[in-house]
Each structure stands twice: as structure tokens, then as C-alpha cells.
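Asker: fold the stuff below for me.
(one chain, ligands or ions: 1)
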Amino acid sequence: MEHRVALIPGDGIGPEITRAMRAVVDATGVGISWQEVHVGAAVMEREGTPLPERALEAIRAVGVAIKGPVTTPVGTGFRSVNVALRHAFDLYACVRPCRSLPGDGSRYTDVDLVIFRENTEDLYAGIEFAPGSPEVAAIDELVRAAGMRGIRPGSALSLKPISEPASRAIVTAAFDYARANGRRKVTAVHKANIMKETDGLFLRMAREVASAYPDIAFEDKIVDAACMGLVQNPADFDVLVLPNLYGDIVSDLCAGLVGGLGLAPGANIGRDCAIFEATHGSAPDIAGRDIANPTAEFLSAAMMLDYLDEHAAAERMRRAVSATLAEGTAVTADIRRALTGSTEGAVGTRAYTEAV
Ligand code: NAD
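Answerer: The predicted structure is shown next:
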């Protein structure tokens, strides 16, 4: 059976690593009809929007996409295409496994964590107001009327909506995954001691959902303590579930436990659509130089093959990556540097892809 998959090359190193990913997926023999879809900075220049309706329709038509990273201008410019895609298809669960691989160059050897990051709300909702705007003045008035200290003049403001349905949905996804994959524990990560309403609600939903899964252990941890614990002893953790912003930060931290951003895959899952992508960004500092590590994109593709019920091909892809890294003779510069402190002896994206 042939699967239809939307392939989004993205910006920066995106085109290089998605080209490499496609070659490896095709080498598994799984029949995929790739439909290229363009979004991001280059499309913005040509069409005045980084995410044309045509692109959304093409992804909607196939329901499964794999993408390269897309550049988001910092501070000014267009809003994140990634965030817009997550909203457009209600991709509420961002799943990021972080597993040690032999020869990954990390300080740790047997990390095995899975992160469930809520993907649609929190400070990523994009509800922001500029200093001096009428909205900030109106909110200041409401805040004072509620008997709280007002907003300091000259402040910008971001709102952090955390809802019961979205919190319940992500925690349920984490517990369902834990049960289906024989995992022992789910840890909810929050800052409910300070944000009693928003993070307090997330924690309440986590506790409520946990009570329906007596076979899986549950604990909660405050985000700062969780970060320290992860670095000190990652084996204390198993499946983690977090609101959007903490999920973003903690998944990069966890990528650092398993050899860095070049190795950390991810999936954005909704009810009728899934978009797979590496955790890392478009790495403009190394774009177009045949030095990017495509492994995170390969492992994201393996997650996609699992989603398409092509489990044998997914497993072969993971084994091929593992074997190539374990051998250690054809690895990219980031891995070489982690292993030896120097990039000498590293190979390029294309040669590594050939080896895999
Ligand atoms: P980044 O992840 O692109 O890069 C951080 C560092 O890691 C850089 O030094 C980079 O060279 C290195 N790196 C990243 N991926 C690598 C790989 N595969 N192989 C080797 N080295 C790699 O983060 P950034 O610089 O903060 O962001 C760059 C752009 O990417 C920004 O515009 C940001 O908004 C965007 N971004 C996109 C996504 C996405 O599309 N999902 C995610 C994160 C960031």
C-alpha cells in the first residue's frame, strides 16, 4: 500500500535534512508518495505570507506531514509557522522521545525519557500587547479593580491561557502512551506554587486523569526542581507531561542528555492529522554547508512510519541509525565534537546519510 505524505522542506538546514530523510525512508522500501509543500521565510518573500492557504489544504488532504524546521524572526516579523500549523490542525500533543544511542557523545548512557508537551495554548497562544497599548491599559484597570498590584507603566503583556480540556487531553495522551508502551511512571511538571490558577489548573487536571490509571505511578514536580533532577539523575524520570512553554525548554534540556539537538526527534499529534519534525530549529549558522546532523529528522521519520503502522521499517531505520553511530567512523561534526572535543574526522550530511 502506498502512503501519501506531505513533505515540508522548511528553511535553513531544513532542505538538506529532509532530502536526507527522504532517501533513508525510501531505502526502507515503504511506498510513499511524497507531496512537497512549501512554507516559511522564502514563501513569505514571494507571497507575503509564510503559510499560504494552499499549503494548509495540501496537508489537510493527506493528514500526515513531515517537516524541516522553519525560521521564525525574533521579536518582530511574522508569527511562527510552527505555532500556526499546530493551531490549524489542533495538534495538541507534542511527543518527544529522548533515548540514549550508542556513540551519541553524551555524558549519560541510558537515558530513556518521553516528553508530552501541550502544543496549543499557554504563553504560545500569541495573545500579546505592546507597551502603551489600550489593551494593556484596559487590563491594568481590571487588575487594579480586582485588588491586585497594577501593571508597571512601560510594560508589554503576554497572556497565559491554560484550559481544562487541553490540559486533560495532553495528560490523557501521556497516560495512554505510558500504558500502551509499558512505562512505569508519569511526572507532571508545573510551577503551581507561583501560578496557582494556570499551573494549578494543569496540576489539578493531571491528578484527576492520573486517578483513572492506577497501574501507572504518578508524581508532580515543580519545573525548576525537575530540571535539576533531570540533569542529576535522568533515570528518576520516565514519561513527563508539561504545559507548552516548560515543555519547549525541558525538551531541549533532555535533548542535551542524549547527544544534543541533532539527535532529538518529535511528533505533533492531533485527532485527524500528525506532523513529524525534529526538536531543533533551522540552524542558519550551519545551513547549506553539508554539516547538519539529519539524525533527529531520521528518528522523526521512524516515528512517522510507526504512525503509518509500518513498524518493521521504523525499527530498521532506528537500527541503522544506532549501528552507524555505534560504529562511529561516519558521523557528523556535532557528534564528533561531543565524542572527541574536535570535529576532525567528521563526515558531511550526505556521507552520513549514505552510511545509514
Ligand atoms: P537551532 O536549533 O536552529 O540551533 C541551535 C544550535 O544547535 C545552533 O548552533 C545549530 O547550529 C545547532 N543545531 C541545530 N540543529 C542541528 C543539527 N541538526 N545538526 C547540527 N547542529 C544543529 O535554534 P536557534 O538558533 O535558536 O533557532 C534558529 C531558527 O529556528 C529560529 O528562527 C527559530 O525560531 C527556528 N526554530 C524552528 C523550529 C521548528 O521549525 N520546529 C524549532 C526551533 C526553532
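
Asker: please report phi then psi for whichever residue of the chain sits closest to the ligand.
Answerer: Proximity of the chain to the ligand (Cβ to the nearest ligand atom) peaks at G281, 2.4 Å away. C-beta coordinates here come from the backbone N, C-alpha and C atoms, glycine included. Backbone torsions of G281, given as degrees, to the nearest 10, read phi -100, psi -160.

Asker: count of residues packed around the residue nearest to it when sequence neighbours are not counted?
Answerer: Setting aside the residues directly before and after it, G281 is nearest to P69 in space (Cβ to Cβ, 6 or more residues apart in numbering), at 4.8 Å. P69 has 28 neighbours, counted by other Cβ atoms under 10 Å.

Asker: how about the residues of this protein by the ligand?
Answerer: 13, 69-72, 82, 261-262, 277, 280-286, 292-293, 296, 334 (Cβ under 6 Å from any ligand atom).

Asker: so which of these belong to strands?
Answerer: If you go by DSSP state E, those have E277 in strands.

Asker: drop anything exposed from the residues of the chain next to the ligand.
Answerer: Applying 16 or more other Cβ atoms under 10 Å to the residues of the chain next to the ligand, the neighbour count classes 13, 69-72, 82, 261-262, 277, 280-283, 286, 292-293, 296, 334 as buried.

Asker: among those, name the ones in helices.
Answerer: Assigned to helices by DSSP state H, the following of those qualify: 82, 296, 334.

Asker: okay, these in CSV with distance to V209 and pLDDT next?
Answerer: Output for those, formatted as CSV (distance: Cβ to Cβ, whole Å; pLDDT from 0 to 100):
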residue, distance to V209, pLDDT
N82, 26, 90
A296, 29, 97
D334, 37, 94
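
Asker: what's in contact with the least confident helix or strand in the chain by mean pLDDT?
Answerer: Lowest mean confidence among the helices and strands of the chain (mean pLDDT, DSSP states H and E): helix 41-47, at a mean of 87. Helix 41-47 is contacted from outside by 11, 49-52, 55, 70-71, 78, using Cβ atoms under 8 Å, 6 or more residues apart in numbering.

Asker: greatest separation within these: which pair is it?
Answerer: P52 and T71 (16.5 Å; Cβ to Cβ).

Asker: these two touch, right, G29 and A313?
Answerer: Yes. In this structure, G29 is within contact of A313 by Cβ atoms under 8 Å, at 7.1 Å.

Asker: between those two, who's got more neighbours?
Answerer: A313 (20 against 10).

Asker: the residue lying closest to the more buried one once chain neighbours are set aside and V258: what is the separation?
Answerer: Nearest residue to A313, sequence neighbours excluded (Cβ to Cβ, 6+ apart): T28, at 3.9 Å. According to Cβ to Cβ, to the nearest Å, T28 stands 23 Å off from V258.

Asker: between these two, which is the more surrounded one?
Answerer: V258 (22 against 19).

Asker: and that one, what does it touch?
Answerer: Residues in contact with V258 (Cβ under 8 Å, 6+ apart) are 98-101, 104, 106, 108, 111, 264.

Asker: could you dump the residues you listed to a markdown table with distance to G132?
Answerer: As requested, the contacts of V258 are exported to a markdown table (distance: Cβ to Cβ, whole Å):
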| residue | distance to G132 |
| --- | --- |
| C98 | 42 |
| R99 | 48 |
| S100 | 50 |
| L101 | 50 |
| D104 | 49 |
| S106 | 47 |
| Y108 | 48 |
| V111 | 47 |
| A264 | 40 |
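
Asker: could you identify the most distant pair in those residues?
Answerer: Every pair of those checked by Cβ to Cβ; the farthest is Y108 and A264, at 13.6 Å.

Asker: that's all I had, so thanks and see you.
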